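Enquirer: okay, sequence plus prediction incoming.
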Amino acid sequence: MDITLSSIVGFLGGSLLTLIVKEVLNQINKKIDYNRDLNKITYQRKLQIAENAIAYYWTYLNKAIEIQKSVETLVKAAENEESEQDIDFIEQMLVKNSQLMEELGSHKYYDINSIHLYFDLDDSDKWNEEDLTNLYECLAEARFHNINLQEWLKIHNHSNENHNDQGAEHAWSQIELILPKYTNSLKSFADILKRNRVAMLASINKIKEDIGK
């Protein structure tokens with residue numbers, strides 16, 4: 001068989017074109033695989049962020065409601081005649097509430113702000129900067145009353161230990177004055193968190209919609 005120059009050139013040209021096409025297709029497939037992996041990683045990250053955010057909100061709300069209910073119980077106890085049992089109960093609940101409020105004011109559970117990197121959750125009608133300010137103000141006010149209650153309770157106990165009936169009665173009267181204020185602060189705090197829960201549920205639905213896309 002005679003092999004001419006033109007046939008050689010044609011053969012080489014065809015092989016080169018085939019290689020180029022194969023390489024182009026290979027690069028396209030790599031890009032597709034990369035985008036698929038990137039989308040998968042992003043989806044998993046969004047899902048993790050969403051789950052953590054939801055868990056954070058529910059934990060936050062449940063702890064606030066727990067504090068509110070315990071304080072309402074404290075008010076009822078304070079309205080009864082003074083007894084050692086009432087005093088011990090109030091002291092235990094104040095310590096417990098103090099710990100819960102410290103947890104609410106910390107970033108122990110989750111940094112919720114990172115969710116906004118992945119989801120557009122801006123809805124000022126359901127939750128806005130004013131709500132956030134009110135929430136922190138109520139929490140700060142409740143903490144203030146909590147500290148005052150514990151201080152007056154210490155004075156009350158110290159007066160009793162030293163058989164100072166007048167001092168104990170005065171301290172108890174201060175406790176009775178502070179407890180309703182404490183309860184009202186926590187009620188306001190819980191009400192704001194309930195509004196936040198409505199916004200959170202709307203955010204959850206938005207998150208689910210975005211994840212499902």
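Expert: Perfect, I can see it now. Numbering: from 1, shown residues only.
Enquirer: going forward, measure contacts and count neighbours with C-alpha atoms only.
Expert: Fine.
Enquirer: any idea where the strands of the protein begin and end?
Expert: With DSSP state E as the definition, the chain shows no strands.
Enquirer: quick one: the helices in it?
Expert: Using DSSP state H, the helices of the chain run over 5-79, 84-104, 129-161, 165-212.
Enquirer: how about these in a markdown table, adding mean pLDDT and mean neighbour count?
Expert: Below are the helices of the chain laid out as a markdown table (pLDDT from 0 to 100; neighbours: other Cα atoms under 10 Å):
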| stretch | mean pLDDT | mean neighbour count |
| --- | --- | --- |
| helix 5-79 | 68 | 15 |
| helix 84-104 | 69 | 16 |
| helix 129-161 | 85 | 17 |
| helix 165-212 | 79 | 17 |
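Enquirer: and the gap between the nearest residue to residue 98 once chain neighbours are set aside and residue 181?
Expert: Using Cα to Cα, 6 or more residues apart in numbering and skipping the chain neighbours, the partner closest in space to residue 98 is residue 146 (6.8 Å). Per Cα to Cα, to the nearest Å, residue 146 is found 10 Å from residue 181.
Enquirer: what sits against the nearest residue in space to residue 134 that is not next to it in sequence?
Expert: Distances taken as Cα to Cα, 6+ apart place residue 192 nearest to residue 134, at 7.6 Å, with adjacent residues excluded. Listed by Cα atoms under 8 Å, 6 or more residues apart in numbering, the contact set of residue 192 reads 131, 134, 135.
Enquirer: now residue 192: how far from residue 139?
Expert: In terms of Cα to Cα, residue 192 sits 10 Å off from residue 139.
Enquirer: what touches both of these two?
Expert: In contact with both residue 192 and residue 139: no residue, using Cα under 8 Å, 6+ apart.
Enquirer: on that earlier part again, ok, the contacts of residue 192 vs residue 56, which is closest?
Expert: Among those, residue 135 lies closest to residue 56 (Cα to Cα), at 15.7 Å.
Enquirer: isn't the closest one up against residue 191?
Expert: No. Assessed by Cα atoms under 8 Å, residue 135 is found out of contact with residue 191, at 9.2 Å.
Enquirer: just to revisit the earlier point, roughly how far does the residue nearest to residue 134 sit from residue 27?
Expert: From residue 192 over to residue 27 (counting by Cα to Cα), the distance is 54 Å.
Enquirer: re the thing from before, of the contacts of residue 192, which is the nearest to residue 156?
Expert: Distances from residue 156 to the contacts of residue 192, taken by Cα to Cα, are shortest for residue 135, at 31.4 Å.
Enquirer: residues in contact with that closest one?
Expert: Contacts for residue 135 (Cα under 8 Å, 6+ apart) come out as 189, 192, 193.
Enquirer: relative to residue 197, how far out is the closest residue to the last one other than its chain neighbours?
Expert: So that's residue 193. Computed as Cα to Cα, 6+ apart, the closest residue to residue 193 that is not its neighbour in sequence is residue 61, at 6.1 Å. Applying Cα to Cα, the value for residue 61 to residue 197 is 8 Å.
Enquirer: residue 96 too?
Expert: According to Cα to Cα, residue 96 and residue 197 sit 24 Å apart.
Enquirer: same deal with residue 31?
Expert: Counting by Cα to Cα, the separation of residue 31 from residue 197 is 41 Å.
Enquirer: what of residue 39?
Expert: Distance from residue 39 to residue 197, by Cα to Cα: 30 Å.
Enquirer: ok, residue 43 next?
Expert: 24 Å.
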